[in-house]
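**Q** Let's see this in three dimensions:
(one chain, ligands or ions: 1)
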Amino acid sequence: MSAISLSGLAKSYRDVPVVKGVDLDIAEGEFVVLVGPSGCGKSTLLKMIAGLEELSAGDIRIAGRSVVDLAPAERELAMVFQSYALYPHMTVAGNIGFALRIAGLPRAEIDRRVRAAAATVKLEGLLDRYPRALSGGQRQRVAIARALARQPKVLLFDEPLSNLDAALRQETRVEIARLHKALKATILYVTHDQVEAMTLADRIVLMNNGRIEQAGTPLDLYERPATLFVARFLGTPAINLFGAARMGLPGAATVGIRPEHLLLEDATHPGGLAARVEFVEELGDVRLIHLLTEADEKIVAKQPAGSPWQAGQSVRVSWRTEHLHRFDLAGQRLDDAPEQRPEKAA
Ligand SMILES: Nc1ncnc2c1ncn2[C@@H]1O[C@H](COP(=O)(O)OP(=O)(O)OP(=O)(O)O)[C@@H](O)[C@H]1O
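**A** Numbers count the residues shown, from 1 in each chain. Model prediction:
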């Protein structure tokens, strides 16, 4: 049985559809990350599951039971928001145990659960502090502990790390990954951070304009994007795109090559596209070589630190056929080129 099952889920605000028929099954213990451009409907979808937004159509099942007629508190899920939404006049322990007190649990049980949840996110020493005396990362851990203390079937996260600085974000991200492993919790997590999506997800669901564009493992989406939209969305720097006719690839409209798959040679090398190095970004571990081709296409190659390319230099750019992504006019992936299919090559 799926932990969460969404079918035909739709939402309109005053006749403007923002979620347009989403079907998705999330297995028990699965970590699913929802990504997509701003305004594509991620948060709305999460809020519908949490019971904070009404549905226009469709059904939501949690552990097999339809929850659309249940209040948020009855859905056996807990949500962690971007703004931690802690009560400033309550201690850490008070915040973590708040929902349990409201639910009328016995004091000893509340105490036990608060301590266990605090220990899970390493907050044991801070139970008597007030939120104002905590760092941003600690406040977010209180919000996570508060969710855990309710022992929900499902945890929903809405951009939980976006208020944290880069170092804390990484630290908390690793903690969430550890938490997922330890608790085997079912998690649905919204972010617009690609690194979070790639590193945390068992499965990424990429939304575009109210619909699921592609769902799959992070590597599935990165290595075999089903559409041009997916190819463009994942990867930093973004995938390089060329008109397919220019590349001598009939049948396709657009061809994509990721920056790490471009091979650079000096200008005397035969074959490939002629290009000039416009400028170089030194990132320490890698160098991003920004190039302008003869046909005025701007492309970026990711090269190892210490590679010799300098601004102003003329180069030849090539690639291996298996690294090409081909798309038709509608932006749909064309299956691998015949020469990439071993059975056809024979
Ligand atoms: N209460 C509302 N009334 C009207 N329109 C809304 C309401 N809430 C959201 N929308 C619209 O619905 C669309 C989807 O919003 P949503 O917040 O789900 O997007 P998102 O993918 O989470 O975006 P972001 O990454 O920017 O948070 C947007 O166009 C937004 O303006």
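
**Q** Let me know the distance separating residue 31 from the ligand.
**A** The gap separating residue 31 from the ligand is 19 Å, by C-beta to the nearest ligand atom, to the nearest Å. (Each C-beta comes from the backbone N, C-alpha and C, glycine too.)

**Q** Mind pulling up the pLDDT for that residue?
**A** pLDDT for residue 31: 97.

**Q** swap in the one 10 residues further on?
**A** The per-residue pLDDT reported for residue 41 equals 94.

**Q** In contact with residue 276, which residues?
**A** By C-beta atoms under 8 Å, 6 or more residues apart in numbering, the contact list for residue 276 reads 291, 292, 312, 313, 314, 315.

**Q** Need the residues that contact the helix or strand where the second one lies.
**A** Which is residue 292. Assigned by DSSP states H and E, residue 292 belongs to strand 286-293. Here strand 286-293 makes contact (C-beta under 8 Å, 6+ apart) with 237, 259, 264, 273-281, 298-305, 307, 309, 315, 317.

**Q** Give the partner strands of that strand in its sheet and their orientations.
**A** strand 273-282 (antiparallel), strand 298-304 (antiparallel) (DSSP bridges).

**Q** Report the buried residues of it.
**A** 287, 288, 289, 290, 291, 293 (16 or more other C-beta atoms under 10 Å).

**Q** Filtering those residues by proximity to the ligand, which remain?
**A** When C-beta under 6 Å from any ligand atom is applied, no member of the buried residues of strand 286-293 is adjacent to the ligand.

**Q** Next, the contact list for the closest residue to residue 332 other than its chain neighbours, please.
**A** Of all residues not flanking residue 332 in the chain, residue 227 sits nearest, at 5.9 Å (C-beta to C-beta, 6 or more residues apart in numbering). Residue 227 makes contact with 213, 214, 327, 331, 332, 333, according to C-beta under 8 Å, 6+ apart.

**Q** Neighbours of the fourth one, how many?
**A** The burial metric for residue 331, expressed as a neighbour count using other C-beta atoms under 10 Å, is 15.

**Q** what separates residue 34 from residue 262, distance-wise?
**A** Distance, residue 34 to residue 262, by C-beta to C-beta, to the nearest Å: 31 Å.

**Q** same thing with residue 59?
**A** Residue 59 is 46 Å from residue 262, by C-beta to C-beta.

**Q** of the two, who's got more company?
**A** Neighbour comparison, residue 59 and residue 262: the larger count goes to residue 262, with 23 against 13 (by other C-beta under 10 Å).

**Q** Quickly list what the nearest residue to that one once chain neighbours are set aside is bridged to.
**A** Spatial nearest neighbour of residue 262, excluding adjacent residues (C-beta to C-beta, 6+ apart): residue 301 at 3.9 Å. Beta-bridge partners for residue 301, by DSSP bridges, are residue 289.

**Q** Near residue 301, how many other residues are there?
**A** 27.

**Q** Contacts only, for it.
**A** Neighbours of residue 301 in contact, by C-beta under 8 Å, 6+ apart: 259, 262, 264, 288, 289, 291, 317.

**Q** if I look at the fifth one, how far off is the ligand?
**A** Meaning residue 289. Per C-beta to the nearest ligand atom, residue 289 is found 31 Å from the ligand.

**Q** How is whichever residue of the stretch 51-200 of the chain sits closest to the ligand assigned, secondary-structure-wise?
**A** Proximity of the stretch 51-200 of the chain to the ligand (C-beta to the nearest ligand atom) peaks at residue 192, 5.2 Å away. Assigned by DSSP: H, G, I helix; E, B strand; the rest coil, the conformation of residue 192 is coil.

**Q** quick thing: my sequence starts at 4, can you match it?
**A** In the new count, where the first residue is 4, that last one comes out as residue 195.

**Q** What confidence value was assigned to it?
**A** 88.

**Q** Contacts only, for the residue nearest to it when sequence neighbours are not counted.
**A** The shortest distance from residue 195 to any non-neighbouring residue, by C-beta to C-beta, 6+ apart, is to residue 38 (6.5 Å). Applying C-beta under 8 Å, 6+ apart to residue 38 gives the contacts 45, 193, 194, 195, 197, 200, 207, 208, 209, 210, 236.

**Q** cool, and residue 104?
**A** residue 113.

**Q** Let's see that with 10 Å instead.
**A** Going by C-beta atoms under 10 Å, 6 or more residues apart in numbering, residue 104 touches 97, 110, 113.

**Q** Just give me the neighbour total for the last one.
**A** In this case it means residue 113. 20.

**Q** and what of the second one?
**A** Other residues within reach of residue 110 by the criterion other C-beta under 10 Å amount to 10.

**Q** pretty sure it contacts residue 96?
**A** No: look at residue 110 against residue 96 with C-beta atoms under 10 Å: they stay out of range, at 11.9 Å.
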